[in-house]
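Chemist: based on what follows, work out the 3D shape:
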Amino acid sequence: MRKVIVEKAERLEKVPPYPLFDINRTLKRLDKKGVEIIDLGRFDPALSLPDSIQKVLPSLYTKENFSYAEASEILKLKEIFSFWFKKRYGVLLNPKTEIYFYTGKREAIAQLSLFFINPGDKVFITEPSSQIYKGCTLLAEGEIEVLPLLERNDYLPNLNPLKGQSKDKRKFFFLNFPHNPTGSLADFLFYQELVEIALKNNIRIVQDASYNEIYFDEHLPPSLMQVGEGKKVGVEFHSLSSGTGLSGLDCGFIVGNREMLFGLESQNKLFSQRQNRFILKLAEALLQEYESIISKNREEYKFRRDVMIEILLGLGWRAKKPKATPFFWAQIPGRYSSLGFCRMLLRRTGVLASPGIEYGGIGEGFIRFSLNQPKEKLKETGERIKDHFHIWQKRYRS
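Modeler: You can find the predicted model right below:
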């Protein structure tokens, strides 16, 4: 009997493979042995749901709320977000044309890429960063130029490669601040310079500000939209789920350039599932309590951050205290690959971290910890690693 050969599309051959399949195999083996895993890998924080939201939830479970949402209901949600955005950033957004509600950030990034990037368009991407930006660009057959993020520059990109570009050729720039995985911030002056360069060189910006509400020590992250002509050059993602800790919900708002958002909204009628009323009602309830939720969560993350930096520095590892985001970017001994180190760390201690290679080649030599666990589990993490410290002991230069 002949076999039907199913080959992947050529465009998929260019997309880098997911690096964590091997880690997943190790996880399954440890699970069979009954080893308790302390998950500091994928961002999935153990945070309690506010009582006010728990009280609202039962009322949302009606048949009516599992049907499609009306346009007027989506507009109402956008208006609530617009009010919050004005209060937080001092920027007035038109709910009808400058706000788009998304469910699924990765899908939204993929749609933006496929809707607006033509084959041969130049796309600037920073590394280390989530590989979703690179993968979606490759699917759209854009030409990638990587801008490295280095510790000596506070993990901010050098913008000189963006200057002097041909205005005839369209260009895009994917960036993400506050930054996953390094926890660094971009300030208002950086955005000012970026917008000026983008206007002169026909560059459209897609800024992922998903972690803007998880910040510490008065390091208040700005928005690209606060720059006078920020709306002209691109769009910005704001996550409702990251700040509230409901990572599995994965919804939020894209704000900014009305032409890009109109294109996204109009094409989604053909390519995406329509919004359901349940998600809209839940998002509305979260927004009504948003300030109190994120303020409480920030305090918890700050507490966890201070515990984690004490653990890492006590182990002699090189790590900077993040100004924002729930992530720690830690350097590993030079004789290990980041994937090999994470696999060994998991196998020996049951502690799960993310290898730096997951964020591109420039991320090699580092691992990322997420502040998923409460203080007691973080302290247990330190004890488990300390018990195996002799395996990877390494002195770091100051």
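
Chemist: please, which helix or strand holds Phe369?
Modeler: strand 366-370 (DSSP states H and E).

Chemist: now do stretch 87-104: everything it contacts.
Modeler: With contacts defined as CB atoms under 8 Å, 6 or more residues apart in numbering, stretch 87-104 is touched by 74-75, 77-79, 81-82, 85-86, 108, 222-223, 225-226, 231, 237, 250-258, 261-262, 264-265, 275, 279-280, 283. All C-beta spots, glycine's among them, are computed from the backbone N, C-alpha and C.

Chemist: type out the PyMOL command that picks the buried ones from these.
Modeler: To isolate in PyMOL the members of these that are buried, counting by 16 or more other CB atoms under 10 Å, one can use:
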select buried, resi 74+77+78+81+82+85+108+222+223+225+231+237+250+251+252+253+254+255+256+257+258+261+264+275+279+280+283
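
Chemist: please flag which of the contacts of stretch 87-104 sit within helices.
Modeler: 74-75, 77-79, 81-82, 85-86, 108, 231, 258, 261-262, 264-265, 279-280, 283 (DSSP state H).

Chemist: on that earlier part again, which residues touch the next helix or strand after the strand holding Phe369?
Modeler: Remark: after strand 366-370, the chain's next helix or strand is helix 375-387, criterion DSSP H and E. By CB under 8 Å, 6+ apart, the surrounding residues in contact with helix 375-387 are 38, 40, 46, 303-304, 307-308, 311, 314-315, 345, 349-351, 371, 373.

Chemist: phi and psi next, for Gly90.
Modeler: Backbone torsions for Gly90, taken as degrees, to the nearest 10, come to phi 70, psi 20.

Chemist: and the strands in this structure?
Modeler: Using DSSP state E, the strands of the chain run over 38-39, 99-103, 122-127, 143-148, 171-175, 203-208, 234-239, 251-256, 327-331, 351-352, 354-355, 366-370.

Chemist: strands paired with the fourth one, and their directions?
Modeler: In its sheet, strand 143-148 lies beside strand 122-127 (parallel), with partners assigned from DSSP bridges.

Chemist: got a list of what Thr137 touches?
Modeler: 113, 117, 123, 125, 144, 172, 174.

Chemist: among those, name the buried ones.
Modeler: 113, 117, 123, 125, 172, 174.

Chemist: for the stretch 1-150 of the chain, give me the ranges with low pLDDT.
Modeler: 1, 16-22 (pLDDT under 70).

Chemist: picking that back up, what's the closest of the contacts of helix 375-387 to Ala209?
Modeler: Comparing the contacts of helix 375-387 against Ala209 with CB to CB places Leu371 closest, at 18.7 Å.

Chemist: go ahead and confirm the closest one touches Tyr301.
Modeler: Yes: judged on CB atoms under 8 Å, Leu371 makes contact with Tyr301 at a distance of 5.5 Å.

Chemist: hey, what's in contact with both of these two?
Modeler: By CB under 8 Å, 6+ apart, the residues touching both Leu371 and Tyr301 are 45, 326.

Chemist: and this protein, what are its domains?
Modeler: 10-48+292-388, 59-290 (automatic domain parsing).

Chemist: circling back: report the inter-axis angle for the strand holding Phe369 versus helix 375-387.
Modeler: Following axes from the mean of the first three to the mean of the last three CA atoms, to 10 degrees, one obtains 150 degrees for the angle between strand 366-370 and helix 375-387.

Chemist: give me the buried positions along strand 366-370.
Modeler: Applying 16+ other CB under 10 Å to strand 366-370 flags 366-370 as buried.

Chemist: just want the angle from it to strand 327-331.
Modeler: Using the same axes, to 10 degrees, strand 366-370 lies at 150 degrees relative to strand 327-331.

Chemist: between the strands of the chain, which gets nearest to Leu57?
Modeler: strand 251-256 (15.5 Å).

Chemist: list the helices and strands the closest one packs on?
Modeler: With contacts taken as 3 or more CB pairs under 8 Å, 6 or more residues apart in numbering; DSSP states H and E, strand 251-256 sits against helix 71-89, strand 99-103, strand 234-239, helix 240-244, helix 258-271.

Chemist: what about 7 Å?
Modeler: For strand 251-256, the elements it packs on are strand 99-103, strand 234-239, helix 240-244, judged by 3 or more CB pairs under 7 Å, 6 or more residues apart in numbering; DSSP states H and E.

Chemist: can you spell out which helices and strands pack onto the longest one?
Modeler: In this case it means strand 234-239. strand 203-208, strand 251-256.
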